[in-house]
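Peer 1: Sequence plus predicted model, see below.
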Amino acid sequence: DAGVIQSPRHEVTEMGQEVTLRCKPISGHNSLFWYRQTMMRGLELLIYFNNNVPIDDSGMPEDRFSAKMPNASFSTLKIQPSEPRDSAVYFCASSWGVNTEAFFGQGTRLTVV
Amino acid sequence: QQQVKQSPQSLIVQKGGISIINCAYENTAFDYFPWYQQFPGKGPALLIAIRPDVSEKKEGRFTISFNKSAKQFSLHIMDSQPGDSATYFCAARHTGNQFYFGTGTSLTVIP
């Protein structure tokens, strides 16, 4: 298996632009997580899907952030409009059911200038 | 609110020494405690994990010690090697399957 695949690996955008991050979980996994990693706050859970349904989005910082999972093999995290303070590495992770580990993608490094 | 508190923030150890990283939590609904290792430019990868019904788990040079009553757990790396230099995250999983991470410890092992 190729693991969790995220795209793009790097994204540089101007403040105010829309940014879309993409994630393909491991085939057969039914839980998907989006995390944001910064030096100041470490790894923060943004949102968690189970069987394509958002279960907990309390970590989404503002209404500018939205996430979707239209099917079991694809999820997006969108920021609109983007701001410099959104600059971070965004990770997607997936797992199968309970009592299993979360597998992480390589991350998307977002820079908003 | 930080669900899992991790210390120290950074750690420098001589080759062959013991590296110790500590974590603490409050939520008794956590039922699984993994440690992740992250190298620069990569995503975190599972290193070792423990469940609260066990007080210690050892895998090679890596050991987790778990104190349920104190709500604390720690990672011990024996005979630390330069290749162990990475950032280490403790985590705790809620019964609803959400994972919460500590803020990370940057480990440097000096040759």
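Peer 2: Right, received. Where do you want to start? Residues are numbered from 1 along each chain as shown, chains lettered A, B, ... in the order given.
Peer 1: How about the residues of chain A by chain B?
Peer 2: Taking Cβ under 8 Å from any Cβ of the partner chain as the contact definition, chain A meets chain B at A:4, A:31, A:33, A:35, A:41-43, A:45, A:48, A:50, A:55-56, A:91, A:93, A:95, A:97-99, A:101-107. Glycine gets a C-beta too; all of them are placed from N, C-alpha and C.
Peer 1: What remains of those if I keep only buried residues?
Peer 2: Buried by 16 or more other Cβ atoms under 10 Å in any protein chain shown: A:4, A:31, A:33, A:35, A:42-43, A:45, A:48, A:50, A:56, A:91, A:93, A:95, A:101-107, out of the residues of chain A next to chain B.
Peer 1: how close does the most centrally placed residue in chain A get to B:Pro111?
Peer 2: Centroid-nearest residue in chain A: A:Trp34, 3.3 Å away (criterion: Cα atoms, centre = their mean). As judged by Cβ to Cβ, to the nearest Å, A:Trp34 and B:Pro111 stand 38 Å apart.
Peer 1: Show me where the chain has its strands.
Peer 2: Looking at chain A here, since you left the chain open. Here chain A has its strands, by DSSP state E, at A:5-7, A:10-13, A:19-24, A:31-38, A:42-50, A:53-56, A:65-71, A:74-79, A:88-95, A:103-104, A:108-112.
Peer 1: my bad, chain B
Peer 2: Assigned by DSSP E, the strands in chain B fall at B:4-7, B:10-14, B:19-25, B:30-38, B:45-50, B:56-59, B:62-67, B:72-77, B:86-94, B:99-101, B:105-110.
Peer 1: do the fifth one and chain A meet?
Peer 2: Yes. Under the criterion of Cβ under 8 Å from any Cβ, strand B:45-50 makes contact with chain A via B:45-46, B:49.
Peer 1: still on that earlier bit, please identify which of the strands of chain B is closest to A:Gly16.
Peer 2: Checking those against A:Gly16 by Cβ to Cβ gives strand B:99-101 as the closest, at 30.4 Å.
Peer 1: Return the set of buried residues in stretch B:82-95.
Peer 2: B:84-94.
Peer 1: what's around the residue nearest to A:Gly16 when sequence neighbours are not counted, how many residues?
Peer 2: Nearest residue to A:Gly16 in three dimensions, chain neighbours excluded: A:Pro81, at 4.5 Å (Cβ to Cβ, 6 or more residues apart in numbering or on different chains). Look at A:Pro81: counted by other Cβ atoms under 10 Å in any protein chain shown, it has 14 neighbours.
Peer 1: Compute the distance between A:Pro81 and chain B, please.
Peer 2: Applying Cβ to the nearest Cβ, to the nearest Å, the value for A:Pro81 to chain B is 27 Å.
Peer 1: returning to what we had before: export the strands of chain A to CSV and append columns for mean pLDDT.
Peer 2: Below are these laid out as CSV (pLDDT from 0 to 100):
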stretch, mean pLDDT
strand A:5-7, 97
strand A:10-13, 97
strand A:19-24, 98
strand A:31-38, 93
strand A:42-50, 90
strand A:53-56, 90
strand A:65-71, 97
strand A:74-79, 98
strand A:88-95, 95
strand A:103-104, 92
strand A:108-112, 98
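Peer 1: OK, contacts around A:Leu32?
Peer 2: For A:Leu32, the contact set (Cβ atoms under 8 Å, 6 or more residues apart in numbering or on different chains) comprises A:23, A:25, A:48-49, A:69, A:75, A:92-94.
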